[in-house]
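**Student:** Got a sequence here, can you model it:
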Amino acid sequence: AHVKCLATAQEVKEKTVAELDALLEEAFSFDNFAWQRDNKVSIDVPFRADGLHRILYKCPHCGAENRMEGQGIHLTCHECGKKWEMDEFGQLAAREGETEFSHIPDWYTWQRECVRKELEDGTYLLDTDVDIAVQVNLDGVFMIGKGHLTHDLNGFHLTGGDGKLDYTQSPVASHTLYSDYYWYEIGDVIGIGNNEFSYFCFPETNVSVTKARLATEELYKIKKTRKPRA
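**Tutor:** The predicted structure follows:
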């Protein structure tokens, strides 16, 4: 661990909340891809792009979603056929035409902006059948069968358990979303819940859990900053 003083007691008294937030955001921000690139850290394994589509799910060339595939050293859009190669320093280059994003975090930021626009336009929707696992204590996680998960401007809605499960989660319940990839070798997962129950939802359709996370974060910001009507 590294300990660093961001602001003295006197500076804390003098600075605004926004200024203190900016200090914290800068201190806790990092970019491992930039660090790898700038320090010339070579990762030359022939499978370095495997699974990259789980993060970069949207094609910047044609706009298609969930048609990307990261395999070997390439990231390919199976909708338009465009292909990018990932070099040993973690940077991307299009095999043909324009390289829209050479830096992976820039591609990810663009996806966030696209999701934000969908939310502002009212067009964002996740609607999928899922397999559901539930955790109520530290004894384990239990599969309880199939259900259905939706995510829109009203938050999450999960049903299942032969009609016994009907759970809703407000857009402001959490500033982010627990989502993971190939979770315990079961599949990509979306995790929601409260202090009593944790629900792990495994989409049966080809949807991006990364997009669900971005939508959760941006929707939280929208709801938290929106002024109430007079």
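**Student:** mind listing the strands for the protein?
**Tutor:** Assigned by DSSP state E, the chain shows strands spanning 68-71, 74-77, 83-86, 92-94, 126-135, 142-152, 155-160, 165-169, 178-183, 187-193, 198-203.
**Student:** what's near enough to touch the closest residue to residue 129 other than its chain neighbours?
**Tutor:** Leaving aside its chain neighbours, residue 129 sits nearest to residue 204 (4.5 Å; criterion: Cβ to Cβ, 6 or more residues apart in numbering). All C-beta atoms are positioned from the backbone trio N, CA, C, and that covers glycine. Contacts of residue 204 were listed using Cβ atoms under 8 Å, 6 or more residues apart in numbering, and they are 128-131, 146.
**Student:** Now do residue 105 against residue 90, distance only.
**Tutor:** Distance, residue 105 to residue 90, using Cβ to Cβ, to the nearest Å: 10 Å.
**Student:** contacts for stretch 184-200?
**Tutor:** Here stretch 184-200 makes contact (Cβ under 8 Å, 6+ apart) with 54, 130-136, 141, 149, 156, 158, 167, 169, 173, 177-183, 201-203, 209, 212.
**Student:** buried subset of the residues you listed?
**Tutor:** By neighbour count, with 16 or more other Cβ atoms under 10 Å, the contacts of stretch 184-200 hold 54, 130-134, 149, 156, 158, 167, 169, 177-179, 183, 201-203, 209, 212 as buried.
**Student:** got the contact list for the residue nearest in space to the middle of the chain?
**Tutor:** Centroid-nearest residue in the chain, with Cα atoms, centre = their mean: residue 210, separated by 3.2 Å. Listed by Cβ under 8 Å, 6+ apart, the contact set of residue 210 reads 54-55, 57, 111, 179.
**Student:** coming back round to it: give the residues shared as contacts by residue 105 and residue 90.
**Tutor:** Common neighbours of residue 105 and residue 90, using Cβ under 8 Å, 6+ apart, are residue 33.
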